[in-house]
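Asker: Show me how the following folds:
(chains A and B)
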Amino acid sequence: MQSSFLSTPTLDLLERAAVFGERRHEVLAGNIANISTPTYRMRDLPVREFEQALQAAVERQQAAPASTSATTASEPAPANRVDDLFPARVFQASDANPENLTFQDANNRSLEMQVMEMTKNSMMQNFALQLIRFQMNSLQSVISEQP
Amino acid sequence: MQRTLDISTSGLVAQRHRLDTIAGNIAHANTTLDADGNVAPYQRRLITFMADEANGKSRGAGVKHRVELDAETPFRSVYDPSHPHADKQGIVKYPNVDIITEFSDALLATRAYEANIAVIDMTRQMAEQSMQILV
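Answerer: Numbers count the residues shown, from 1 in each chain, chains lettered A, B, ... in the order given. Alright, predicted model coming up:
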């Protein structure tokens, strides 16, 4: 995002949330594909860490004065700062250690838990996407001067 | 999204091959000749799965599969001197296929297949939601 009127801080954060949701969905899909693979361990993204990063980003935004309307060329674009707030490791999967059985083939599958996590994740992603849409729609109505 | 679909597809393919293998095992539950007509009981086929780490451990993994011969389980020996394929002691060697094992495995394969279908459905819904931003 380059143009300043599009890079509202919330839009960037929502974009991150949507990307995170998509990435996590991929990892959970891999878990289900490997439901009968021996020695496979269930994976997940660090959800807690992401939520903390999101919260920190929101807090930093609230603390900072509303500079979006008066963005000058000397100031760094908000998008760059958003990238700093979400380190790459937040988007990297690692072995999740759910407290469930390890089966004889050393796989710790739990279909119910995976499906539940997947549903929650897709709802969160859907939520982020809906909010992006609302923002886009309001921009659109401003541009077209029609409510 | 594309990658997620590939992962789920690899799961579908693996589970279908598993079902194919099981179907072959059950069809050959009593086969005592090999393809060349020699007396040799059919050897049970086994499917083995392994995680496809082509994208690295930090991303979602697909599944790879391989069909192998089960050389561990002994053949079923039945005393039947009248059988044309019986050995000198009157023992007929039948394939090492256990119908109950095969059926329970088939049930697992079907359920795993359905789980992958459900994931694909969810992926599709998420992709549709993303597309709606453009509208």
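Asker: State which helix of chain B is the longest.
Answerer: helix B:99-131 (DSSP state H).
Asker: what's the residue positioned nearest the centre of chain B in contact with, if anything?
Answerer: By Cα atoms, centre = their mean, chain B has its centre lying nearest to B:R18, at 1.6 Å. B:R18 makes contact with A:36, B:47, B:65, B:105, B:109, according to Cβ atoms under 8 Å, 6 or more residues apart in numbering or on different chains. For the C-beta atoms, the positions are set from N, CA and C on the backbone; glycine is no exception.
Asker: now these as TSV including neighbour count and pLDDT?
Answerer: Below are the contacts of B:R18 laid out as TSV (neighbours: other Cβ atoms under 10 Å in any protein chain shown; pLDDT from 0 to 100):
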residue	neighbour count	pLDDT
A:S36	24	90
B:I47	19	94
B:H65	20	94
B:D105	19	94
B:A109	21	95
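Asker: Please identify which pair of these lies farthest apart.
Answerer: Pairwise distances across the contacts of B:R18 peak at 13.5 Å for B:H65 and B:D105 (criterion: Cβ to Cβ).
Asker: Report pLDDT for residue 116.
Answerer: No chain in the question, so chain A it is. With respect to pLDDT, A:M116 scores 91.
Asker: You answered for a different chain; I wanted chain B.
Answerer: Listed pLDDT for B:N116 reads 95.
Asker: measure the residue lying closest to it once chain neighbours are set aside to B:E53 for me?
Answerer: With sequence-adjacent residues excluded and distances taken as Cβ to Cβ, 6 or more residues apart in numbering or on different chains, B:N116 is closest to B:G11, at 4.1 Å. Separation of B:G11 from B:E53 (Cβ to Cβ, to the nearest Å): 15 Å.
Asker: go on, B:L46?
Answerer: Relative to B:E53, and taking Cβ to Cβ, B:L46 is found at 22 Å.
Asker: out of everything not next to it in sequence, what's closest to A:L85?
Answerer: A:A57 (4.5 Å).
Asker: Spell out which helix or strand contains the one you found, please.
Answerer: According to DSSP states H and E, A:A57 maps onto helix A:47-63.
Asker: Show me what that helix is packed against.
Answerer: helix A:9-33, helix A:78-85 (3 or more Cβ pairs under 8 Å, 6 or more residues apart in numbering or on different chains; DSSP states H and E).
Asker: How about the first one, which residues are buried there?
Answerer: What that stands for is helix A:9-33. A:9, A:11-18, A:20-33 (16 or more other Cβ atoms under 10 Å in any protein chain shown).
Asker: quick one: it to helix B:99-131, angle?
Answerer: For helix A:9-33 against helix B:99-131, the angle by axes from the mean of the first three to the mean of the last three Cα atoms, to 10 degrees is 170 degrees.
Asker: After helix A:9-33, which helix or strand is next?
Answerer: strand A:43-44.
Asker: ok, that following strand: who's next to it in the sheet?
Answerer: strand A:94-95 (antiparallel) (DSSP bridges).
Asker: Pull the number of nearby residues for residue 99.
Answerer: Just so you know, I chose chain A. 7 (other Cβ atoms under 10 Å in any protein chain shown).
Asker: Oops, wrong one, chain B.
Answerer: 10.
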